[in-house]
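K.L.:
Have a look at this prediction, sequence included:
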Amino acid sequence: MTNFDGPILNSTYTIHFVLDQVRESTKNELCSIENLEKFEPKDIAGGAAFFSKIYKLKLYWKHNESDLPKSVILK
């Protein structure tokens, strides 16, 4: 998925918000929208989560460094 401006699937999250949170927690400035090649969201709860959605985002980076996260879980 390459839509960097809209919400992720049916959530209230955007990829900008997610990357801001990851960058803040890891202190890695390469966790930025400029360095993100693409991402693939997937609903991993399949509707089974009670009153919540759980998503897994696979992240693909332009600069593929070992300390950049390959995926993120959103709840």
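P.N.:
Cool, got the structure.
K.L.:
C-alpha only now, for contacts and for neighbours.
P.N.:
Fine.
K.L.:
what mean pLDDT does stretch 23-35 have?
P.N.:
Averaging pLDDT along stretch 23-35 gives 92.
K.L.:
List the buried residues of it.
P.N.:
By neighbour count on 16 or more other C-alpha atoms under 10 Å, the buried set for stretch 23-35 is 23, 30-33.
K.L.:
What helices and strands are in contact with the host helix or strand of residue 73?
P.N.:
Using DSSP states H and E, residue 73 sits within strand 71-74. Strand 71-74 sits against strand 55-61, with contacts defined as 3 or more C-alpha pairs under 8 Å, 6 or more residues apart in numbering; DSSP states H and E.
K.L.:
which residues are in contact with the strand it packs on?
P.N.:
Contact with strand 55-61 is made by 35-45, 69-75, as judged by C-alpha atoms under 8 Å, 6 or more residues apart in numbering.
K.L.:
so where is the chain shaky, pLDDT-wise?
P.N.:
Residue ranges of the chain with pLDDT under 70: 1-2, 47-51.
K.L.:
quick revisit: name every strand pairing with the strand holding residue 73 and say which way it goes.
P.N.:
Its sheet considered, strand 71-74 pairs with strand 55-61 (antiparallel) by DSSP bridges.
K.L.:
you'd agree residue 41 is up against residue 8?
P.N.:
Yes - Residue 41 lies in contact with residue 8 (C-alpha atoms under 8 Å); the separation is 7.0 Å.
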